[in-house]
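Novice: Dropping a prediction and its sequence here:
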Amino acid sequence: RVNSQERHVILMQKLPGRIVAAKDHKLVSVIATAHAKLHVATAKLIQPRRSVAKTMEGTHVWFTGEVTQAKKHLGRLSSAQEFFRQVEDMQKFLQVSRSVITRLPSAECHLDYDSDNILTNGKKVTAIIDFGDVTHAPLVMDLGNSLCWWLFCNPQRFGQGILSRYLAAYSRVRPLTDQE
């Protein structure tokens, strides 16, 4: 137990590979394929710990607290006002879309499937690490988080098809539904 919370630890040997870099564009399809395989496996093998609705409730409570803290620190800055308006719009959208979101394909999701948590040998994914953010959520949410990292770290490379290559490779293993 750490700070009154139960923690599970797995001891293992050093994992092979290196952390993925944002410039590793040749690995986009390989990483997307591994991501889809992870989703297929978790959907089949892991019993959900809670519903998507419960995840959304918990996320809403957490996010509201984070926004409240941010307003305390940034609230007076004029540049922060547009950010807070966008946050409010996003929260309204999530509330209106709740019934659609809770019906999307879901499973236990990594939610942090990006460079620091993917090891590769330059040709294939050798390990996925850091499952501390795992929760039951729509699979497309996890996919969106990963795509966000690739696009945020490569704004000038968007035209080179990172998004389309990632989605194409992912969809070959786990086709997206019309709702997704």
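Specialist: Yes, it's here.
Novice: what's in contact with stretch 120-137?
Specialist: Stretch 120-137 is contacted from outside by 15-18, 20, 24, 27, 30-31, 34, 38, 48-52, 54-55, 58, 106-113, 116-119, using Cβ atoms under 8 Å, 6 or more residues apart in numbering. (C-beta placed from N, C-alpha, C; glycine too.)
Novice: I'd like the mean pLDDT over that stretch, please.
Specialist: Stretch 120-137 shows a mean pLDDT of 88.
Novice: Using PyMOL, define a selection of the buried residues within the contacts of stretch 120-137.
Specialist: Here is the PyMOL command that selects the buried residues among those (16 or more other Cβ atoms under 10 Å):
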select buried, resi 17+20+24+27+30+31+34+38+48+52+55+106+107+108+109+110+111+112+113+117+118+119
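Novice: The contacts of stretch 120-137 in strands, which ones?
Specialist: Per DSSP state E, strands hold the following members of those: 18, 106-109, 118-119.
Novice: What is the most widely separated pair among those?
Specialist: Of all pairs drawn from those, the greatest distance, 31.5 Å, lies between Arg18 and Ser106 (Cβ to Cβ).
Novice: Tell me how far the helix or strand where Ala70 lies lies from the chain's centre.
Specialist: Assessed by DSSP states H and E, Ala70 sits inside helix 52-74. Computed by Cα atoms, centre = their mean, to the nearest Å, the chain-centroid distance of helix 52-74 equals 17 Å.
Novice: Follow the chain on from that helix and name the next helix or strand.
Specialist: Past helix 52-74, the next helix or strand by DSSP H and E is helix 78-101.
Novice: orientation of that following helix relative to helix 52-74 in degrees?
Specialist: Interaxial angle of helix 78-101 relative to helix 52-74 (axes from the mean of the first three to the mean of the last three Cα atoms, to 10 degrees): 180 degrees.
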